[in-house]
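Engineer: compute the structure for the input listed below.
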Amino acid sequence: MKNENSVPRWILFYVGFLALLSFSTSIMGYFSPEKIFMNTGISFDGMQPVTFFYATRNVGIFVLCVFGLITRDSKVIFSMLLMRFVVELLDLIFTIKFGIGGFNPLVVAVVWTIVFLIPEFLGASTLYKKEFAK
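Structural biologist: I've put the predicted structure just below:
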């Protein structure tokens, strides 16, 4: 018999993906921010305070992902997905606005929406319906 309070497997796998992504962007933010913020024309000399804030944000997301995966607490995972959705939406807007990466903005918007926004929204929505909308 399946536990009604269990988090769907696809959400756990997706949170695992987000944990790995957050960990890698943390490392890059601390040690190689120019790889994240390509084609911006920014000189990274003296930018450590800014890039370290970016990296630290991702460390926090990583810790929340890992905590959610260990506890399998749907409310923790819901909170992380909702937070990540807001972060991704704003990151998408600013990535396009500032041309970060140098990619076609339409391609960036479509890929970002498919890879991040839709699964984060669907995951949070699924968990909301299971946990909060009783």
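
Engineer: could you look up the SS state of the most centrally placed residue in the chain?
Structural biologist: Nearest to the mean C-alpha position of the chain, by C-alpha atoms, centre = their mean, lies Arg84 at 4.6 Å. Of the three states, Arg84 takes helix according to DSSP: H, G, I helix; E, B strand; the rest coil.

Engineer: for it, give me its contacts.
Structural biologist: Contacts for Arg84 (C-beta atoms under 8 Å, 6 or more residues apart in numbering) come out as Leu18, Ile61, Phe116, Glu120. Quick note: C-beta positions are derived from backbone N, CA and C, even for glycine.

Engineer: now, those that are in strands?
Structural biologist: Per DSSP state E, strands hold no members of these.

Engineer: just put the residues you listed in JSON lines and tack on pLDDT and distance to Ser6.
Structural biologist: JSON lines is the format used below for the contacts of Arg84 (pLDDT from 0 to 100; distance: C-beta to C-beta, whole Å):
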{"residue": "Leu18", "pLDDT": "98", "distance to Ser6": "19"}
{"residue": "Ile61", "pLDDT": "97", "distance to Ser6": "23"}
{"residue": "Phe116", "pLDDT": "98", "distance to Ser6": "24"}
{"residue": "Glu120", "pLDDT": "98", "distance to Ser6": "19"}
